[in-house]
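Asks: A structural model of the following input is requested.
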Amino acid sequence: MDIIKLLFIIIIVHIIILSIGCMFAFNIMVGIFVLTIPTSILSFLYVQYKPQLDELSKPTLPFQNKKSLD
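Replies: Sure thing, here's the model as predicted:
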């Protein structure tokens, strides 16, 4: 949970930096580049936790199989 809280703080800080950067035309590209950092962290976390997500999605499989049999 600490990683998730830290991630939200990072995203909020980056959004603030992006909004400040958008006030100046020459800073928009810097703001977009800064905004991609939380996205890369999110994709990294997705790869880390994907096996757990697959485990969570398994209970729904029998219901899908029943529908396909009908």
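
Asks: pLDDT averaged over the helix or strand harbouring Thr36, what's the number?
Replies: According to DSSP states H and E, Thr36 maps onto helix 28-57. For helix 28-57, mean pLDDT rounds to 73.

Asks: Packing partners of it?
Replies: In terms of contacts (3 or more C-beta pairs under 8 Å, 6 or more residues apart in numbering; DSSP states H and E), helix 28-57 is packed against helix 2-21. For glycine as for every other residue, the C-beta is placed from the backbone atoms N, C-alpha and C.

Asks: angle of the helix it packs on against helix 28-57?
Replies: 150 degrees (axes from the mean of the first three to the mean of the last three C-alpha atoms, to 10 degrees).

Asks: Please identify the buried residues of helix 2-21?
Replies: 11, 14, 17-18, 21 (16 or more other C-beta atoms under 10 Å).

Asks: pLDDT added to these, as a markdown table?
Replies: Below are the buried residues of helix 2-21 laid out as a markdown table (pLDDT from 0 to 100):
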| residue | pLDDT |
| --- | --- |
| Ile11 | 81 |
| His14 | 79 |
| Ile17 | 74 |
| Leu18 | 70 |
| Gly21 | 62 |
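
Asks: ok, those vs Val47, which is closest?
Replies: Ile11 (17.8 Å; C-beta to C-beta).

Asks: OK, contacts around the nearest residue to the closest one once chain neighbours are set aside?
Replies: Nearest in space to Ile11, with sequence neighbours left out and distances taken as C-beta to C-beta, 6 or more residues apart in numbering, is Pro38 at 4.5 Å. Contacts for Pro38 (C-beta atoms under 8 Å, 6 or more residues apart in numbering) come out as 7, 10-11, 14.

Asks: Farthest-apart pair in those, please.
Replies: Leu7 and His14 (10.6 Å).

Asks: Could you give the separation between the terminal residues of stretch 17-36?
Replies: In terms of C-alpha to C-alpha, to the nearest Å, the two terminal residues of stretch 17-36 are separated by 12 Å.

Asks: Kindly report the same for stretch 14-32.
Replies: 10 Å.

Asks: what about the closest residue in space to Ile15 that isn't next to it in sequence, distance to Ile4?
Replies: Distance criterion C-beta to C-beta, 6+ apart; nearest residue to Ile15, sequence neighbours excluded, is Leu35 at 7.4 Å. Here the criterion is C-beta to C-beta, to the nearest Å. By it, Leu35 lies 19 Å from Ile4.
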